[in-house]
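> Structure for the following, please:
(one chain, ligands or ions: 2)
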Amino acid sequence: MEDKEILLKAFEFHGHICWASAIGVRAGLTALRKLGVRRTGSSGELHCIVEIGENHGAQCFIDGVQYTTGCTLGKGNISKSGWGKLAITLIDKKKERAVRVSYKPGRHKMVAESSFMKKRGMGIPPTQIAPEEAWEMVNMLWDAPESEVLTVGDIISYDWGDDFGEIMGLKACDSCGEMVSKVYLRVVGDKSMCIPCSGYGR
Ligand SMILES: [Zn+2]
Ligand SMILES: [Zn+2]
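Numbers count the residues shown, from 1 in each chain. Ligands and ions are numbered 1, 2, ... in the order given. Predicted coordinates for the structure are as follows:
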């Protein structure tokens, strides 16, 4: 797949066109190429640590990373360090090596001063801004030479250790009847219940 096609699909997944998810796609593609690996379809190959935090602008970055690398919340092969940075460390679990890729401020002044970001600053949601204005901003980063927008670290060895594997199986809660992963069932008298029904804390 062409990089541009990946970008378009990532926007479709993300729900709107924005610079942060676009640079997430670029960071993800760069990390995959540097490690010489492909987007993963399972949880056993790659793990990604994203440095984004909570409740701040630019969290969109993580969706570009998820779509591109295949490291997703659903597979459980992505985690957040919560430092509020636009950076990832992509780990090849099998070869136990990793690379860190981070967003460089090179063109950020241009992005921040774009008409899209001015409108965002006025509280207009991204879905209500014309796509042309969004693309103008995205292209500032997408068309830039890599060295202006990303810092790519050297490959480092990364001790992953063993995975515990997935625990399979679902069972219905004896109280509400909803399906629960077996490891999340709690014993109450002679019944096994989901956590909310059991009244126990996690
Ligand atoms: Zn976004
Ligand atoms: Zn229940």
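
> and the longest helix seen in the chain, what other elements does it pack with?
For the chain, the longest helix by residue count, based on DSSP state H, is helix 19-35. Judged by 3 or more Cβ pairs under 8 Å, 6 or more residues apart in numbering; DSSP states H and E, helix 19-35 is in contact with helix 3-14, helix 61-69, strand 87-92, strand 97-103, helix 131-142, helix 146-149, strand 150-152. Just so you know, the C-beta spots here come from the backbone N, C-alpha and C atoms, and that holds for glycine as well.

> Next, see if the second one gets close to ligand 1.
No: contact between helix 61-69 and ligand 1 is absent, the nearest approach being 6.9 Å (criterion: Cβ under 5 Å from the ion).

> Domain ranges for the chain, per the record?
For the chain, the structural domains run 3-157, 167-202, going by automatic domain parsing.

> mind checking which of these is nearest ligand 2?
Smallest distance to ligand 2 across these (Cβ to the ion): 3.1 Å, for domain 167-202.

> buried residues in that closest one?
For domain 167-202, the neighbour count (16 or more other Cβ atoms under 10 Å) marks 173-174, 180, 185-186, 192-194, 197-198 as buried.

> same check, this time on stretch 57-67
Under 16+ other Cβ under 10 Å, the buried positions of stretch 57-67 are 58-67.

> before we move on, what about stretch 127-136?
Here stretch 127-136 shows 129, 133-134 as buried, counting by 16+ other Cβ under 10 Å.

> Name the nearest residue to the residue of the chain found nearest ligand 1, sequence neighbours excluded.
Of all residues in the chain, Cys60 sits closest to ligand 1, at 2.9 Å by Cβ to the ion. Leaving aside its chain neighbours, Cys60 sits nearest to Ala20 (3.9 Å; criterion: Cβ to Cβ, 6 or more residues apart in numbering).

> show me what contacts that neighbour?
Residues near Ala20 by Cβ atoms under 8 Å, 6 or more residues apart in numbering: 57-61, 64, 86.

> how does it look with 10 Å?
Residues in contact with Ala20 (Cβ atoms under 10 Å, 6 or more residues apart in numbering) are 14, 52, 57-64, 86, 103, 111, 126, 138, 141.

> Look up how far Leu86 lies from it.
Ala20 sits at a distance of 7 Å from Leu86 (criterion: Cβ to Cβ, to the nearest Å).

> Find residues that contact each of the two.
Both Ala20 and Leu86 are contacted by 52, 58-62, 64, 103, under the criterion Cβ under 10 Å, 6+ apart.

> tally of neighbours for Thr151?
Thr151 sits with 16 neighbouring residues when counted by other Cβ atoms under 10 Å.

> The residue nearest the centre of the chain: what's it in contact with?
Nearest to the geometric centre of the chain sits Ile62, at 3.2 Å (Cα atoms, centre = their mean). Ile62 makes contact with 14, 20-21, 24, 48, 50-52, 71-73, 78, 80, 86, 88, according to Cβ under 10 Å, 6+ apart.
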